[in-house]
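1. can't give you the sequence, but here's the structure:
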């Protein structure tokens, strides 16, 4: 699903950022210890863009959202048990085509 691809990309970016921070912190620690005698210590700062903060909030909302709608599942289950559940094949096909078009573009 497209959301999973976004999460994977964001997680990969997060992992790369963490590794870069760790490497930079190690380098800063080494330079700090060598400059302690001099009395000056370089300090790094990080400022996230509005877009990065927005993506971070969006990722948090996605991870907090339930994977399934329990009420909808219960309603459909009850309809199946009663024999009232009807599948609209045209609607299913149209939704599948719309999703494919959204993911891969319009090939027409």
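-> Okay, I see it. Small disclaimer: the values here were computed from a predicted structure and weren't measured. Numbers count the residues shown, from 1 in each chain.

2. what packs against the helix or strand containing residue 61?
-> Residue 61 is located in helix 50-64, with elements delineated by DSSP states H and E. Counting contacts by 3 or more C-beta pairs under 8 Å, 6 or more residues apart in numbering; DSSP states H and E, helix 50-64 is packed against helix 2-35. For glycine as for every other residue, the C-beta is placed from the backbone atoms N, C-alpha and C.

3. low-confidence ranges in this protein?
-> Scanning the chain with the threshold set as pLDDT under 70 gives 1-38, 106-108.

4. in which helix or strand does residue 48 reside?
-> Residue 48 belongs to no helix or strand, assigned by DSSP H and E.

5. what's the spacing between the closest residue to it other than its chain neighbours and residue 39?
-> With sequence-adjacent residues excluded and distances taken as C-beta to C-beta, 6 or more residues apart in numbering, residue 48 is closest to residue 56, at 7.6 Å. Separation of residue 56 from residue 39 (C-beta to C-beta, to the nearest Å): 37 Å.

6. more neighbours, those two?
-> residue 56 (13 against 6; other C-beta atoms under 10 Å).
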